[in-house]
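K.L.:
below are the sequence and a predicted model for it; my questions follow.
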Amino acid sequence: MGASWLDSLSSHPIFELPESSSSGSALPSLSTHPSLSELARPPSPALSTIFGHSAATANSNGASRRGGKSAREERDTPGGRKVRCVLARGVDLIVAVGQQLRIASLSDTKGRAESASGDSAHADLGEYKTLHTPSITFDIQHLVLNSTSKLLAVVGLHSIAVVVLPRKGWAGSIGRELDCRSLVIGRFYHSLPASPPVAQVSWHPWGDNSSSLLVLTSDATLREYAIADDAEEPAQTVSLARAAPATDRNSRGAFSSDDVDESTAVAFSLGQGESDWGPLTLYGLMRSGDIVALCPFLPKKAAIPASYIHSLAAFISTKVDSLPAPSSSLALTHRSSTSTSSPSPHPPQSSLATLYAHQLKFVNALVAQASTAPLSASEDSVRVLSPRAPAPATRQGPFLMQPAPHELENGHEPLACDLAYVTSAGLGVFAIAYQDGKVDLCLEVDKVEARWGSHPHEDEDGEEEELPLLAVYESVDLGLAEVVAANGGGSLETNYPTFVSDPVYPDVLYVYHALGAHCLLMAKWLDAVADVVSGSSSDEPTADDEAAIQKVAERTLREQEPTEVLWVLKTDTTDRPVVGLVVVNDVYLGYSLLVLTSALQLVAIALHLRVPPLPISSASIPSSSSHQQHAPSRLSSSDPPAYLSLLEGTPFTPPTLLSQSSRSSLPSVPRRTSSTSTPLTTITPTSLRSLGTTVNEFRAQIHALVGASNAVQVRLETQMKELSRQLRKLEELSRLSAELRRSTTSDSSGEGGLQGRLEKVTRNQEELVRRTDRVLQRLMDAHEPELSQYERKWFAELERLEKEIEGAGGGAGGASLEMRVERVQGQLESLKPALEEIRRKDGGGGVGTPKKGALPVMGESQVRKLEVKLAEE
């Protein structure tokens, strides 16, 4: 079906190595997980193979694509080096090869592959174009695309550049190169010798015009560059490093206070949320594994959703109103004050009131700007400036992890490399990747709030505060050390795992590294924990909320629901690491996964969207006379059962009179009490009374016996009717079973039967998908048509004329026509005054009859001939 074009994508010319780096070394073997098609489906105890997978390895060129400094030298630097040399921009694929940027159209590739009849592996997949960017003079190691897909950040070891990508329709342009404007970022801070290496680069989603670039260097300094204003000087600079040496804490005794790893930054991530401080929080990761937070952090020029500003204002106002009366009045008084100095000591709750006052002042500044600020391009965001705070934002942390993360005993040093932050139903999850192949998954217990000015570990009154808390859910071992040991030993020093989030499902994380790529499926436990946490939270938070969340986390740990881990791609060697992983999600291209190695080997995998499983329940059996096929219907608890029996639900109990224990009480003939055997000849009142009593007893017992027999007779008749109904139903079931057996058995031609019908449905579905692709391709061609043959010839002629007119090698003697015309016009203008002077001196005597002693003058015919020659010249 739709995966056929992925099989041939690896042979696209965009994945060809440069001729200067080609060699005869063999490519490493690649292996894929047998259940790759199940990556995006809900996890299950045993992954099934319902859908087929598509994995294709690329060309057989075998050398490293790096030029100049080797990839190993560039990656072996303090602070870690993350590499991502491939990304997708809609239907375009961008690949970095050395100092070169290549771009190709995946929609064109798919159309060409599917139009090739039966031989898509050798089909003409089109060409790629090279982005002409003279500013990029360094080996590219990382590519980052902004939210509008117009700006591309190109990152090297000590250099950063921003490229303005070509607009849609670039594929119809002539030539192999596309001229793109590029800017060098922070040359003074990143390109000079001995400057700290770049740890991570990312675009802030709320930057004005999506032009706010965040650059983190290994010295824990974060700089924001407003590309639209100034690409050389940062708009603001903050530090994630510890402000001053602090005393060692017992909970952090595993690290010394002067450890270099604790001050070396390797990654950062932006928080998420709807009505709290999450979107204004920046999390930083140190090489030691410590996580620190900075809140609030906002670009100097931002475009914030107006709904978020008002939600945050309501959130802060509710917290201020929840304070006792003296504290509330203090907060409001401080809010109206314009002083920026540190407040004097207050009663016990003064610190909290002062904090809320700072927060309320910050939010009120945003609200005041939002009420008058113009709308941004998205129409639902307002352009604001970052409010001026009374002091710099406080570095909060490091976070306290409980229980302590599990350490792998594999002989490799656990150095942190990358950080990812995902949310599900309001529950935040931190994922930390380590160099030795460990991934820690932590639950966000304490929400970070905005703080300013005080020492990282002290509050406004100078009292020491508790560190923010993270609940460690699980430590996942990716098994990299075992693979290295099995291959004869080696080192993971050049291994730097990197996270890639799934654009469709937030509970899926991909992590690629030197030995391939893994997929982490967290839906099995993340949804359950998020549901419990969201269900236990109330509109009015109480002091027991943190304890409740902690109990939920501990209970989830006891239930031992592990994260499902799949080894997506396995390279078996660290010489050719994976340098990029892309999840493509497009209405025309579908949902797929692309993995690229440093040797430009591509593995393309077709993924499938999640389909909620339908509950299977008993349904009424259709009548044998009906030949229509009905889908199984779902029955709720209120629906009647499929078959109703005439008999009652409880078993029938025979009357007591007819039971075995009651046979002794059956009516019996009364015996004569007289000792004589002579018949009774005299009727006395006593005998009459005895006779009446006996008759009454007989009559009552006869009535009871008749009632019991009637009950048995009714039950017997009901059972006979039920037996007839069951026999008829059994006959109907037998007939249906025979029909089903005949329908599932193929005939001699192989067309009949269930298997034949399934194959027919599959063929029809494939044809429908192909028709849909053709219709989509026609629509795209109509929206962005390609140039025809005659249009290309016309443009070529225009280019030739332009070169001839402008002088790009055309014209006589290499001079342009414009220059020649200007020169002739200058000569003509210089001759005109002399001609006018001659005519004036002649005094109207005629041009052809000169006066005596005057110089000879040309006639009119001679002047016309001269003008013609000058015009020709």
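P.N.:
Now that the structure is in, tell me what you want to look at. Numbering: from 1, shown residues only.
K.L.:
from here on, just use CA atoms for contacts and neighbour counts.
P.N.:
Noted.
K.L.:
nearest residue to residue 317 other than its sequence neighbours?
P.N.:
Closest residue to residue 317 apart from its sequence neighbours, by C-alpha to C-alpha, 6 or more residues apart in numbering: residue 360 at 7.2 Å.
K.L.:
doesn't the one you found belong to a helix?
P.N.:
Yes - remark: residue 360 belongs to a helix, assigned using DSSP: H, G, I helix; E, B strand; the rest coil.
K.L.:
number the residues from 53 up from this point.
P.N.:
In the new count, where the first residue is 53, that last one comes out as residue 412.
K.L.:
burial count for it?
P.N.:
Using other C-alpha atoms under 10 Å, residue 412 is surrounded by 24 other residues.
K.L.:
hang on, it packs against residue 368?
P.N.:
Yes - at 6.2 Å, residue 412 counts as touching residue 368 under the criterion of C-alpha atoms under 8 Å.
K.L.:
if we can go back for a sec, measure the residue nearest to residue 369 to residue 422 for me?
P.N.:
15 Å (C-alpha to C-alpha, to the nearest Å).
K.L.:
also residue 328?
P.N.:
18 Å.
K.L.:
same question for residue 185.
P.N.:
Distance from residue 185 to residue 422, by C-alpha to C-alpha: 39 Å.
K.L.:
contacting residues around residue 157?
P.N.:
If you count contacts by C-alpha atoms under 8 Å, 6 or more residues apart in numbering, residue 157 has them with 143, 144, 145, 180, 223.
K.L.:
just the buried ones from those residues?
P.N.:
For these, a burial check counting by 16 or more other C-alpha atoms under 10 Å picks out 143, 145, 180, 223.
K.L.:
farthest-apart pair in these, please.
P.N.:
143 and 180 (13.3 Å; C-alpha to C-alpha).
K.L.:
please, which helix or strand holds residue 743?
P.N.:
helix 737-795 (DSSP states H and E).
K.L.:
that helix: what's the following helix or strand?
P.N.:
helix 805-835.
K.L.:
off-centre distance for that next one?
P.N.:
28 Å (C-alpha atoms, centre = their mean, to the nearest Å).
K.L.:
same question for the following helix or strand past that helix, mean pLDDT?
P.N.:
Per DSSP H and E, the first helix or strand lying C-terminal to helix 805-835 is helix 841-858. For helix 841-858, the mean pLDDT works out to 83.
K.L.:
from the contact counts, what lies against helix 841-858?
P.N.:
helix 869-894 (3 or more C-alpha pairs under 8 Å, 6 or more residues apart in numbering; DSSP states H and E).
K.L.:
just checking, what packs against the helix it packs on?
P.N.:
helix 841-858, helix 912-924.
K.L.:
what's the mean pLDDT across the shortest one?
P.N.:
The predicted model assigns helix 912-924 a mean pLDDT of 74.
K.L.:
got the angle between it and helix 869-894?
P.N.:
160 degrees (axes from the mean of the first three to the mean of the last three C-alpha atoms, to 10 degrees).
K.L.:
chain center to helix 912-924, what's the gap?
P.N.:
Taking C-alpha atoms, centre = their mean, the mean C-alpha location of helix 912-924 is offset from the chain mean by 76 Å.
K.L.:
I'd like to know which elements it is packed against.
P.N.:
helix 869-894.
K.L.:
what residues of the helix it packs on count as buried?
P.N.:
Buried-residue list, helix 869-894, by 16+ other C-alpha under 10 Å: 869, 872, 890, 894.
K.L.:
same list (those residues) but as TSV, adding distance to residue 913.
P.N.:
TSV is the format used below for the buried residues of helix 869-894 (distance: C-alpha to C-alpha, whole Å):
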residue	distance to residue 913
869	28
872	25
890	16
894	17
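K.L.:
for the closest residue to residue 453 other than its chain neighbours, give me its contacts.
P.N.:
Once flanking residues are discounted, residue 453 sits nearest to residue 522: 4.9 Å by C-alpha to C-alpha, 6+ apart. The contact partners of residue 522, by C-alpha under 8 Å, 6+ apart, come to 451, 452, 453, 454, 494, 495, 496, 497, 498.
K.L.:
hey, which helix or strand in the protein has the poorest pLDDT?
P.N.:
helix 123-127 (a mean of 38; mean pLDDT, DSSP states H and E).
K.L.:
before we move on, the earlier item: in strands only, show me the buried ones among the contacts of residue 157.
P.N.:
Judged by DSSP state E, strands contain the following of the buried ones among the contacts of residue 157: residue 145.
K.L.:
sort the buried ones among the contacts of residue 157 by pLDDT and name the bottom one.
P.N.:
For those, the pLDDT minimum is residue 223, 73.
K.L.:
contacting residues for it?
P.N.:
Applying C-alpha under 8 Å, 6+ apart, the residues near residue 223 are 156, 157, 838.
K.L.:
how much space separates it from residue 158?
P.N.:
11 Å.
K.L.:
how about residue 140?
P.N.:
Applying C-alpha to C-alpha to residue 140 and residue 158 gives a distance of 9 Å.
K.L.:
look at the residue positioned nearest the centre of the chain and report its pLDDT.
P.N.:
Closest to where the C-alpha atoms of the chain average out (C-alpha atoms, centre = their mean) is residue 555, at 2.1 Å. pLDDT, residue 555: 91.
K.L.:
and it, how far is that from residue 637?
P.N.:
7 Å.
K.L.:
quick one: residue 695 is in a strand?
P.N.:
No - Residue 695 is assigned coil when assessed by three-state DSSP, not a strand.
K.L.:
just the pLDDT for it.
P.N.:
Value listed for residue 695 in the pLDDT field: 75.
K.L.:
tally of neighbours for it?
P.N.:
Residue 695: 10 neighbours (other C-alpha under 10 Å).
K.L.:
ok, residue 178 next?
P.N.:
Neighbours of residue 178 under the rule other C-alpha under 10 Å: 17.
K.L.:
skip the chain neighbours and tell me the closest residue to it.
P.N.:
residue 161 (6.4 Å).
K.L.:
surely that neighbour meets residue 61?
P.N.:
Yes - Residue 161 lies in contact with residue 61 (C-alpha under 8 Å); the separation is 7.5 Å.
K.L.:
got any residues that touch both of these two?
P.N.:
In terms of C-alpha under 8 Å, 6+ apart, residue 161 and residue 61 are both contacted by the residues residue 177.
K.L.:
against residue 194, how distant is residue 318?
P.N.:
The value you get for residue 318 to residue 194, if C-alpha to C-alpha is used, is 14 Å.
K.L.:
and these two? Which one has more around it.
P.N.:
residue 318 (30 against 23).
K.L.:
returning to what we had before: tell me the secondary structure of the residue nearest to residue 453, please.
P.N.:
Applying three-state DSSP: residue 522 is strand.
K.L.:
could you list everything it pairs with in the sheet?
P.N.:
residue 453, residue 496 (DSSP bridges).
K.L.:
list the buried residues in stretch 197-216.
P.N.:
For stretch 197-216, by 16+ other C-alpha under 10 Å, it's 197-199, 201, 203-216.
K.L.:
surely the residue nearest to residue 178 is within a strand?
P.N.:
No - counting by three-state DSSP, residue 161 falls outside a strand, being helix.
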